[in-house]
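> Pasting the sequence and the predicted model now:
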Amino acid sequence: MTEALILEARGLTMRFGGVTAVDGVDLKVRPGELRCLIGPNGAGKSTFFKMLSGQLRPSAGDVVFKGISLVGLPASRIARLGIGIKTQVPSVFNGLTVAAGVTLAARRSLPPMLARARTDETLARIGIGRLRDRLVGELAHGQRQLVELAMVLAPQPDLVLLDEPAAGMTADEVSRLADLVVELTRSSAVIIVEHDMQFIRRIARDVTVFNCGRVLAEGPAGQVLADQRVKDVYLGKEAA
Ligand SMILES: Nc1ncnc2c1ncn2[C@@H]1O[C@H](COP(=O)(O)OP(=O)(O)OP(=O)(O)O)[C@@H](O)[C@H]1O
């Protein structure tokens, strides 16, 4: 029986001159799955992520989303196919209210009336309805992260890509974000690159560990984080 997949990377490879940052990586993600990508600095996670999102064109291999090859497609087309990307650099517009920013994002897939309704739904889902009339530029870092997440979710993507969503958040915010990310899987598959092990443990879903551009280990978080090879290359004493 063929496994239903929403995203498949096949032999994905990226070379920068003499450096092979990602070396023949395969990854399979099912609809509604939550997958965490972890690994030491320089392991190739960001490069892999950028190939999934269309920010980098692979040197070799393919990325297939809902049966369509993404290689060579512009990022805007990849977004329209149903991939929502939240990167490390907040791209929200400081001069807009939260509601205006999220409505603008919702307009990618909806006419104006429906986009406004979607905005209210999305703000409620993320638990930031009270921020709707605040200017984005006035928000604290953690609040901005949640607003950007609302902008990613408003067009209802089938796959959400999150690059270090917990970076710079307080412990309370990380804990809340973890619950939120798990909740996201009701409507989307989610792939996360994340350094924060507290966040990974809290989510406790499938983890893919990168090392030297390859996949070192893959499986349920508890099993993978207990793997001695993973501890050796990445976690060290932190996981002991
Ligand atoms: N634009 C580039 N030009 C040359 N080398 C690059 C480029 N981008 C990444 N690399 C190299 O590719 C390798 C993988 O880097 P990458 O940033 O993907 O790792 P990472 O796992 O995301 O690391 P970190 O956790 O520190 O963000 C590293 O050796 C890095 O120096």
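Happy to help now that I have it.
> and the worst-scoring helix or strand of the chain on mean pLDDT, which residues are buried?
The helix or strand of the chain with the lowest confidence, counting by mean pLDDT, DSSP states H and E, is helix 197-203 at a mean of 86. Within helix 197-203, the residues scored as buried using 16 or more other Cβ atoms under 10 Å are 199-200, 202-203. C-beta coordinates here come from the backbone N, C-alpha and C atoms, glycine included.
> same thing with stretch 174-192?
Quick answer for stretch 174-192 (16+ other Cβ under 10 Å): 174, 176-178, 180-181, 184-185, 188-192.
> Same check on stretch 214-228?
Residues of stretch 214-228 classed as buried: 215-218, 221, 224-225, 227 (neighbour count, 16+ other Cβ under 10 Å).
> Okay, and which of these map to strands?
Taking DSSP state E as the definition of strands, those contribute 215-218.
> residues from this structure in reach of the ligand?
Contact residues (Cβ under 6 Å from any ligand atom) of the chain with the ligand: 16, 19, 21, 39, 41-47, 210.
> Which of the residues you listed fall within strands?
Counted as lying in strands by DSSP E, out of those, are 16, 19, 21, 210.
> tell me the contacts of the last one?
When contacts are counted by Cβ atoms under 8 Å, 6 or more residues apart in numbering, residue 210 touches 25, 37-39, 43-45, 48, 216.
> Nearest residue to it in space, please, no chain neighbours.
residue 39 (3.4 Å; Cβ to Cβ, 6 or more residues apart in numbering).
> hang on, the one you found packs against residue 45?
Yes. A contact is recorded between residue 39 and residue 45 when judged using Cβ atoms under 8 Å, the distance being 5.4 Å.
> Could you tell me the angle between whichever strand or helix holds residue 52 and strand 214-220?
For residue 52, the enclosing helix or strand under DSSP states H and E is helix 45-53. Between helix 45-53 and strand 214-220, the angle comes out at 80 degrees (axes from the mean of the first three to the mean of the last three Cα atoms, to 10 degrees).
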